[in-house]
Structures are given as C-alpha cells and as structure tokens.
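A.B. asks: Any chance you can model this:
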Amino acid sequence: MMILYRIYQILIMCPLIVVSTIITAVLTVIGSALGFGKWWGYYPEVIWSRIFCWLAFVKVTVRGRENIDKNTSYVFVANHQGAYDIFTVYGYLGHNFRWMMKSSLRKIPFVGWACAWAKQIFVDNSTASATRRTMAEAERLLSGGMSLVVFPEGARTWTGEMRPFKKGAYRLAVEFNLPVVPLTIDGAFHVLPRFKKLPVPGHIYLTIHKPINPDGDGHDLSKLMQESRQVIEEGLRR
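C.D. replies: Residues are numbered from 1 along each chain as shown. Prediction:
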C-alpha cells in the first residue's frame, strides 16, 4: 500500500502541490502589491495549506476555536513537531495572522517572495542590529492590529519532544499587552518529521487553548513562558 502511495505522491500529489504553490504565490504578490495585503496575505494561503493536507490524506481536527475572537489580536505560540505544523495552523486556525519565521525561508522560490510581500516577519539574529530590526517589524505588525504566530522552540524537534522556548514572542506580548494563546499540535511528527522528505497519511490535532493575559496577573517573561509551555504539554498528554 505504501508503494502505491509513493507512486501517487510522485505522479499526482507533488505536481499539484507545485502548481498550487506557484498560483498561491502569484496571487499573494499581486494582491499585496495592489494594497490588499491583509486579505491576500492570508486567505489564499489557507486554501493552499488545506490542499497540502488533502493531497497527503492528512486529516486535521481543531479543538477550542471558541477560545479566540476573530476581532482580537493575539500572540499564538505553538510547539513545532514537523513541516505540517505550518499547514495545520495556516489552514485550520481560522484567525488572520502573520508568521515570525526563519530568515532562510525567504530564499525559497515563490514561497519566499510571497512571504515577503505578505509582510511575514523574518527573524534575523545574525547581529544585534538585525535582531532589533526584526523586533521593530514585529512591533509594527502588532500595533496595526494583526496577530502573530510563533514557534518559540525556533526549529522542529528531532525526537518528538519539545525543545526549550525562546523569549522573543513573549517580549512582544508583554510590551503590547496582548494575550498569549498556546497552540498544541499533535500528530504532525508522525506525518512528516524533519528527518524525512515525504509525508505519510495521518491525523493531526490542533488544540487552541484559552488566552493567557500578561496584564494584571503579575506575569513576567519566565512565568509567561513556563505557563504557556505547560499548557501545550498538557494538550499533548491529553
């Protein structure tokens, strides 16, 4: 059965993914260049991400969508199990946002261009001044009423276990007094971990937890990180 699935991936799935990626990127660039980046920088990518899941026979179940309001800005923080984390959040979160992503992704043909036009935040920690520019871009995004999604681990796990969290997203949440919403992604490590090239069919669960508001609760960065990490881990255990 797996042999047939691989043949399907090579002959049908991969060509369709390439075509959909090019179309999505072109639409995003054109729409954003015309001044409609808030819409074109999100909704075409929702469809694109769902196509990735549909073609790979990956089912996504969302829990807790009632915990967020589409008219509220949040800093979403999620664990990072594999490549399909991106398609899970993009396709099924149901809330307009921008990513804080590695600067190396800017070099990917079509995808990198679309991300740049859509005003995704590319993280550059090569120098202190580059880090300040990254944070300034994120601040402009959040001050404009947009939400932000961050993988605070910084990279996909090699083992399925969560890596240590970094503080950048939490600094922004505290500075702008924005709720932090933990997201638990479970099942993406099975579908496509970082040490494999092609996905397998699977079932991914996306759990949207209740917001953690840094205002009035005495949260400092360490406490906010610890609390959100604990919530994500509890979601994995459930």
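
A.B. asks: Can you tell me which helix or strand of this protein has the lowest average pLDDT?
C.D. replies: helix 128-143 (a mean of 74; mean pLDDT, DSSP states H and E).

A.B. asks: centre of the chain versus the very next helix or strand once past it, how much separation?
C.D. replies: Sequence-wise, the next helix or strand downstream of helix 128-143 (DSSP states H and E) is strand 147-150. From the chain centre to the centre of strand 147-150 is a distance of 7 Å (CA atoms, centre = their mean, to the nearest Å).

A.B. asks: before we move on, back to that, identify each buried residue in the least confident helix or strand of the chain, please.
C.D. replies: By 16 or more other CB atoms under 10 Å, the buried positions in helix 128-143 come out as 134-135, 137-138, 141-142. (Glycine included, C-beta is placed from N, CA and C.)

A.B. asks: So what's the residue count around residue 47?
C.D. replies: 14 (other CB atoms under 10 Å).

A.B. asks: doesn't residue 24 make contact with it?
C.D. replies: Yes: between residue 47 and residue 24 there is a contact under CB atoms under 8 Å: 7.4 Å.

A.B. asks: so where's the longest helix in the chain?
C.D. replies: helix 14-33 (DSSP state H).

A.B. asks: What is that helix packed up against?
C.D. replies: Using 3 or more CB pairs under 8 Å, 6 or more residues apart in numbering; DSSP states H and E, the elements in contact with helix 14-33 are helix 37-40, helix 43-55, helix 111-117.

A.B. asks: now the longest one against helix 14-33, angle please.
C.D. replies: Pointing back at helix 43-55 there. Interaxial angle of helix 43-55 relative to helix 14-33 (axes from the mean of the first three to the mean of the last three CA atoms, to 10 degrees): 170 degrees.

A.B. asks: From the chain's centroid, how far away is helix 43-55?
C.D. replies: From the chain centre to the centre of helix 43-55 is a distance of 13 Å (CA atoms, centre = their mean).

A.B. asks: What helices and strands are in contact with that helix?
C.D. replies: Helix 43-55 packs on helix 14-33, strand 58-63, helix 84-92, going by 3+ CB pairs under 8 Å, 6+ apart.

A.B. asks: mind listing what's buried in the longest one?
C.D. replies: It stands for helix 14-33. Neighbour-count burial for helix 14-33 [16+ other CB under 10 Å]: 17, 20-21, 24-25, 27-29, 31-32.

A.B. asks: One more: the shortest one?
C.D. replies: The neighbour-count criterion (16+ other CB under 10 Å) identifies 58, 60 as the buried residues of strand 58-63.

A.B. asks: next structured bit after that strand?
C.D. replies: strand 75-78.

A.B. asks: List the contacts of that next one.
C.D. replies: Strand 75-78 is contacted by residues 85, 89, 93, 95, 97, 142, 147-152, 165, 169-170, 172-173, 178-185, 228, 232 when judged by CB atoms under 8 Å, 6 or more residues apart in numbering.
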